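> can't give you the sequence, but here's the structure:
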């Protein structure tokens with residue numbers, strides 16, 4: 001009975017950790033702590049094209065939580081099968097399979113629907129900015145771009 005309770009706690013813990021990814025950081029409406037209270041340059045332009053894309057979040061520690069969590073869950077579940085050498089093999093196979101499944105699940109959980117916005121600035125330059133798809137964009141729409149380089153977001157006017 002204790003093993004079954006441990007399995008349930010382990011699964012719940014792994015799923016909780018997988019849900020910790022914060023996809024809102026890719027929104028044009030969210031600022032990081034380091035950019036708050038800092039002057040940002042503003043450029044104006046017009047959306048030329050909009051293309052749906054996907055952001056693969058979590059690249060800092062790719063699949064670490066999913067792989068480890070899945071491996072633990074798979075190992076715990078595998079240890080409930082058989083006895084002796086068979087149990088050891090089932091535990092190892094469960095851990096390997098769980099790690100593979102956990103990695104794939106984390107890949108999917110860490111994806112954010114986004115848009116690629118091609119913008120012609122008022123000075124004639126063309127820029128492409130990718131950010132979370134949290135609003136509707138259309139060609140011809142006037143926008144303002146806040147920031148520069150790797151710290152730019154687009155907002156409607």
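Good, I have the coordinates. In this text the structure is predicted, and so the values were computed from the model without any measurement.
> low-confidence ranges in this structure?
1-37, 58-67, 70, 102-110 (pLDDT under 70).
> how about 50 then?
Flagging of the chain using pLDDT under 50 yields the residue ranges 1, 6, 14-15, 17-20.
> in the chain, which spans are strands?
Under the criterion DSSP state E, strands of the chain are mapped to 42-56, 111-121, 126-132, 142-148, 151-156.
> need those in CSV with mean neighbour count and distance to residue 97, can you?
C-betas here are computed from N, CA, C, even on glycine. Formatted as CSV, these follow (neighbours: other CB atoms under 10 Å; distance: least, CB to CB, whole Å):
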stretch, mean neighbour count, distance to residue 97
strand 42-56, 15, 23
strand 111-121, 18, 22
strand 126-132, 16, 33
strand 142-148, 16, 44
strand 151-156, 16, 41
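> Nearest to residue 74, out of the ones you listed?
Ranking these by their distance to residue 74 (criterion: CB to CB) puts strand 111-121 first, at 22.7 Å.
> Identify the residues contacting the closest one?
Residues from elsewhere that reach strand 111-121 (CB atoms under 8 Å, 6 or more residues apart in numbering): 23, 26, 43-57, 126-133, 137, 143, 145, 154.
> picking that back up, with distance to residue 95 as extra columns, can I get the strands of the chain in JSON lines?
Shown next, in JSON lines, are those (distance: least, CB to CB, whole Å):
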{"stretch": "strand 42-56", "distance to residue 95": "25"}
{"stretch": "strand 111-121", "distance to residue 95": "25"}
{"stretch": "strand 126-132", "distance to residue 95": "35"}
{"stretch": "strand 142-148", "distance to residue 95": "44"}
{"stretch": "strand 151-156", "distance to residue 95": "41"}
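> Residue 90 is nearest to which of those?
Among the strands of the chain, strand 111-121 comes nearest to residue 90, with 32.0 Å by CB to CB.
> List the strands paired with the closest one, with their directions.
Partners of strand 111-121 in the sheet, by DSSP bridges, are strand 42-56 (antiparallel), strand 126-132 (antiparallel).
> between the last one and strand 151-156, how many degrees?
Regarding strand 126-132 and strand 151-156, their directions subtend 90 degrees when assessed with axes from the mean of the first three to the mean of the last three CA atoms, to 10 degrees.
> Show me the beta-bridge partners of residue 49.
Applying DSSP bridges to residue 49 gives these bridge partners: residue 118.
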